[in-house]
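K.L.:
predicted structure and sequence below. I'll ask about it afterward.
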2 protein chains.
Amino acid sequence: MAAEQDPEARAAARPLLTDLYQATMALGYWRAGRARDAAEFELFFRRCPFGGAFALAAGLRDCVRFLRAFRLRDAVTSFPDVQFLASVLPPDTDPAFFEHLRALDCSEVTVRALPEGSLAFPGVPLLQVSGPLLVVQLLETPLLCLVSYASLVATNAARLRLIAGPEKRLLEMGLRRAQGPDGGLTASTYSYLGGFDSSSNVLAGQLRGVPVAGTLAHSFVTSFSGSEVPPDPMLAPAAGEGPGVDLAAKAQVWLEQVCAHLGLGVQEPHPGERAAFVAYALAFPRAFQGLLDTYSVWRSGLPNFLAVALALGELGYRAVGVRLDSGDLLQQAQEIRKVFRAAAAQFQVPWLESVLIVVSNNIDEEALARLAQELVAVGGQPRMKLTEDPEKQTLPGSKAAFRLLGSDGSPLMDMLQLAEEPVPQAGQELRVWPPGAQEPCTVRPAQVEPLLRLCLQQGQLCEPLPSLAESRALAQLSLSRLSPEHRRLRSPAQYQVVLSERLQALVNSLCAGQSP
Amino acid sequence: MAAEQDPEARAAARPLLTDLYQATMALGYWRAGRARDAAEFELFFRRCPFGGAFALAAGLRDCVRFLRAFRLRDAVTSFPDVQFLASVLPPDTDPAFFEHLRALDCSEVTVRALPEGSLAFPGVPLLQVSGPLLVVQLLETPLLCLVSYASLVATNAARLRLIAGPEKRLLEMGLRRAQGPDGGLTASTYSYLGGFDSSSNVLAGQLRGVPVAGTLAHSFVTSFSGSEVPPDPMLAPAAGEGPGVDLAAKAQVWLEQVCAHLGLGVQEPHPGERAAFVAYALAFPRAFQGLLDTYSVWRSGLPNFLAVALALGELGYRAVGVRLDSGDLLQQAQEIRKVFRAAAAQFQVPWLESVLIVVSNNIDEEALARLAQELVAVGGQPRMKLTEDPEKQTLPGSKAAFRLLGSDGSPLMDMLQLAEEPVPQAGQELRVWPPGAQEPCTVRPAQVEPLLRLCLQQGQLCEPLPSLAESRALAQLSLSRLSPEHRRLRSPAQYQVVLSERLQALVNSLCAGQSP
């Protein structure tokens, strides 16, 4: 049973994560005697998503897991892979083809890749996969599936992080709206990589090490009527000394003061909501949070939160935050901050001034931009739109890719060249072709970074993969070096991806119909 | 190893497919002494997706798998569940809480549900889940995640099927754009349930029994230069008698006739594309398809396809189709049909007239509506937008739901009532409250169907789940009975979901702040 919870084993268990046309083409190659031809394909995208000028590369860790475990199995599983393929391919298919499939693995596959968290630009390969034609063909769909959504989510997260600035906490809470379990797992993992702080998805924490965070939901609040009697209403002081206190009774005392301060009748705040807050505070005295908008923010949620928070405060605990999940989030948050300040002064509890105000509910870039000026923490749900389309236009030949940097370390442009060309040198003048240009231009980079790292060579991992947190840090570092005009989220300057003279000449000759 | 490929085991392996706030609330309930309180929650949506007036219920089979296998495990796995939860909950959490978690399963959980493939309308529960409060809370996120995307995809597929009509073949090919592996698996499974004919996703075929179909891709075509020498170029006649024929040579002969007929030079069609078609035909002589738009549909793809198809035809094989993946799909398809008709007459091969024309490339409802008039088969990729939002507004109490049907069997409206009310009878006049109405109205249904079926009782499956194909058939039957004004995809008449008098009275009393 252990294997089934291991993400590596799970990826391994799905070699048929592919399109049938990949399998039919595999048979086509095999029939044509080309199964073992050397082949290479590249995954790239043509337009940056979300109208920006950059993307983040992500998904490589999932690709590596998949590749290392890739093997069509028959005997050892209740879902025999090759037998299934045989059942959907023509009945007169040569049995030798299936024998070939049973022997397949990725031991002859080599992968070069942009490290996860790198900036990625249109036309620059995220992955270069080389190996025997038949294997490489079978890998195309699963690798696309693993890279494109991951990169999209990471890019989206990076954009939201840029809007929010480096300090604000971003919490991803999208699991219940995701494309099923793994859709959610992928989204949570790569939102973190792209710059979110944490996720509510426990599975992402368990399997991927994403920091998890949570709060309470409306259903918790509504499940309390106020007439419940907790088995143990006593809470010991934070310092651990002295007798415990009946928290509900203490909160009731504070409620009267809070209502007087806010000009509310003491009967107005909903007793069930307060009971829910007390129950939550008993379970999480050091991490008490209130969800304010179940009944009425102003007449119920806020006074109930203050009553429980002040009762906790008397015992030496500090409430950590409130959450708003409906209405005009910004306006409410600003007014709540004022209430917190006034109550902090009134009741002489300075920590109340800086209690977190978390907002959630379909926060997109525009809403976040408006909120980011004001708030300390934001819960977001990435919007997902896939614009990568790596299939329909390719540059010929095996390519190398370099990032040319200015003297301040900011990327000037990426350059593609033929794999066999010499590596460009820092300080050297290069003649390069921008896309669609009639003339080459020259550039003298202060630094040159090779973009594609050898990741898997003949099936063997070349170096340990960085941790998710390390890739997340790389993403933030890379973004910080990107110049403001390219980093801009709306109408950014397009980042240029240029071709070397030799690659441009090859493209020209192919376009003119000459053989290269 | 067998277990890891079993979808039931895979679902079982993910009890932490939940939001951390569910786990924190579970602790809150436990601390409040309410872990074993009887509880019920319902999943429903408030607005139909895609601007329509209906949705299809789907995802129940995944929910049942998840529920039957649900168990937090520690000892038997390398990813211990309870230990992980302990690591993200406060360090001073009572160890007895974790003992409680270790003993949890769904043996006290009961589920009522709309059968998969049923029509679903806003406010009518897709699922009613009852059981001990703590368990039921933990199940909320995973069940939402499993139901909402599945229902969305099935609804989308049903809409595309309505546009295409019952006869046209719809092939789903979205795996490479999906939200990772399971996003794709879910999309393929429920596109089929909603009305598609097949998927290119092999894993969906293997694990879920979805019919799979495939063709060839551009990369296959471009991988051939024309100079390849197949190890065995000979193809035996379809009837199996007589000597084999060199298919490439035969196609070359036909190419000259085809080019003469089309007014093209015999050098114009790309030799690599033709070699690819020949290779594919050698592998799939009974299922030959051509992808026409790799180089030029008119000067290369079409003549090459005709040459190979006619060569195959001489041996008694019939090509099955061509695919277009770019450009103005409708216009090209119409012109290709003309070419097929003319060539059928010219070369006296009547079967050529009716060769399938498959189109693909971001086909949405609008494009499909335009195409559906003309074409025989369409490959689609569902667009996904999640509009369900089951959390923010609920009707009180445990409810029963009925569909009231007219004498022609078409649904008139759905009625929600309290669970304890008597079941409405056919032919009986009912007083019901439409949403927002000031007055009740009366309805006399010719038939009454209970909507929620007991699916899982105290953790036990009450009846075998229908097969995916049976649910697919139910979906089409249900849609066929829906009246045209509700079935309409744009600006449909809203289907009414009404409340019984007693339920309406309960809602009114709650809105007025009285206790019920």
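P.N.:
Received the coordinates, thanks.

K.L.:
from here on, just use CA atoms for contacts and neighbour counts.
P.N.:
Noted.

K.L.:
the lengthiest helix in chain A near chain B at all?
P.N.:
If you go by DSSP state H, chain A has its longest helix at helix A:133-164. Yes: for helix A:133-164 and chain B, the contact criterion (C-alpha under 8 Å from any C-alpha of the partner chain) is met by A:141-142, A:144-146, A:148-150.

K.L.:
could you see whether chain B lies near the next helix or strand after that helix?
P.N.:
Going down the chain from helix A:133-164, the next helix or strand is strand A:169-172, by DSSP states H and E. No: Strand A:169-172 lies apart from chain B when judged by C-alpha under 8 Å from any C-alpha; the minimum separation is 10.3 Å.

K.L.:
from chain B, how far out is the residue nearest to residue A:154 when sequence neighbours are not counted?
P.N.:
Distances taken as C-alpha to C-alpha, 6 or more residues apart in numbering or on different chains put residue A:194 closest to residue A:154, at 4.1 Å, once the chain neighbours are dropped. Distance, residue A:194 to chain B, using C-alpha to the nearest C-alpha, to the nearest Å: 16 Å.

K.L.:
pretty sure residue A:194 sits against residue A:477.
P.N.:
No: contact criterion C-alpha atoms under 8 Å: residue A:194 and residue A:477 do not qualify, at 11.1 Å.

K.L.:
grab the nearest non-local neighbour of residue A:228.
P.N.:
residue A:275 (7.6 Å).

K.L.:
and that neighbour, how many neighbours does it have?
P.N.:
The tally of other residues near residue A:275 (other C-alpha atoms under 10 Å in any protein chain shown) stands at 26.

K.L.:
just residue A:288 next, same as before
P.N.:
25.

K.L.:
swap in residue A:131?
P.N.:
Around residue A:131 there are 23 residues (other C-alpha under 10 Å).

K.L.:
the one 3 residues further on too?
P.N.:
When neighbours are counted by other C-alpha under 10 Å, residue A:134 registers 25.

K.L.:
check contacts around it.
P.N.:
A:26, A:29-30, A:34-37 (C-alpha atoms under 8 Å, 6 or more residues apart in numbering or on different chains).

K.L.:
that older thread, out of the residues of helix A:133-164 next to chain B, who's nearest chain B?
P.N.:
Distances from chain B to the residues of helix A:133-164 next to chain B, taken as C-alpha to the nearest C-alpha, are shortest for residue A:145 (4.4 Å).

K.L.:
pretty sure residue A:498 is touching residue A:434, no?
P.N.:
Yes: using C-alpha under 8 Å, residue A:498 is in contact with residue A:434, at 4.5 Å.

K.L.:
who has more neighbours, the two?
P.N.:
residue A:498 (26 against 18).

K.L.:
and the more buried one, backbone torsions?
P.N.:
Dihedral pair for residue A:498: phi -110, psi 160, per degrees, to the nearest 10.

K.L.:
on the pLDDT front, check it for me.
P.N.:
pLDDT for residue A:498: 93.

K.L.:
quick one: it from chain B, how far?
P.N.:
Taking C-alpha to the nearest C-alpha, one finds residue A:498 at 24 Å from chain B.

K.L.:
ok, residue A:97 next?
P.N.:
11 Å.

K.L.:
if I look at that residue, what pLDDT would I see?
P.N.:
For residue A:97, the predicted pLDDT is 94.

K.L.:
helix/strand/coil for it?
P.N.:
helix (DSSP: H, G, I helix; E, B strand; the rest coil).

K.L.:
do I have it right that it meets residue A:27?
P.N.:
Yes: at 7.1 Å, residue A:97 counts as touching residue A:27 under the criterion of C-alpha under 8 Å.

K.L.:
secondary structure class for residue A:414?
P.N.:
With three-state DSSP as the criterion, residue A:414 reads strand.

K.L.:
so what's residue A:417 up against?
P.N.:
A:399-401, A:499-503.

K.L.:
swap that for residue A:404, sorry
P.N.:
So residue A:404 contacts A:411-415, A:445-449 (C-alpha under 8 Å, 6+ apart).

K.L.:
which one's more surrounded, residue A:97 and residue A:27?
P.N.:
Neighbour count, other C-alpha under 10 Å: between residue A:97 and residue A:27, residue A:27 has more, with 26 against 16.

K.L.:
quick one: the more buried one from residue B:148, how far?
P.N.:
Distance, residue A:27 to residue B:148, by C-alpha to C-alpha, to the nearest Å: 38 Å.

K.L.:
in the strand or helix carrying residue A:256, what's buried?
P.N.:
Using DSSP H and E, the element containing residue A:256 is helix A:247-262. For helix A:247-262, the buried set under the neighbour-count rule, 16 or more other C-alpha atoms under 10 Å in any protein chain shown, comprises A:247-248, A:250-252, A:254-259, A:262.

K.L.:
what does stretch A:95-113 give?
P.N.:
Applying a neighbour-count criterion of 16+ other C-alpha under 10 Å, one finds A:97-98, A:101-102, A:104-106, A:108-113 buried in stretch A:95-113.

K.L.:
and what of stretch A:225-243?
P.N.:
Neighbour-count burial for stretch A:225-243 flags A:230, A:233, A:235-238 (criterion: 16+ other C-alpha under 10 Å).

K.L.:
run through who's touching that stretch.
P.N.:
A:244-248, A:271-276, A:279, A:282, A:315-317, B:31-33.

K.L.:
between residue A:194 and residue A:477, who's got more neighbours?
P.N.:
Remark: of residue A:194 and residue A:477, residue A:194 carries more neighbours, 33 against 14, as counted by other C-alpha under 10 Å.

K.L.:
ramachandran angles for that one?
P.N.:
Torsion angles, degrees, to the nearest 10, at residue A:194: phi -80, psi -10.

K.L.:
how about it, what does it touch?
P.N.:
A:56, A:117, A:153-158, A:161, A:472, A:475-476.

K.L.:
pretty sure residue A:448 belongs to a helix, no?
P.N.:
No: counting by three-state DSSP, residue A:448 falls outside a helix, being strand.

K.L.:
what sits against it?
P.N.:
Residue A:448 neighbours (C-alpha under 8 Å, 6+ apart): A:402-405, A:424-426.

K.L.:
out of these, which end up buried?
P.N.:
Buried, going by 16+ other C-alpha under 10 Å: A:402-405, A:424, A:426, out of the contacts of residue A:448.

K.L.:
re earlier: which members of the contacts of residue A:417 occur in helices, if any?
P.N.:
A:501-503.

K.L.:
low pLDDT regions in the stretch 351-500 of chain A?
P.N.:
Within the stretch 351-500 of chain A, the set of residues satisfying pLDDT under 70 comprises A:361-363, A:366-397.
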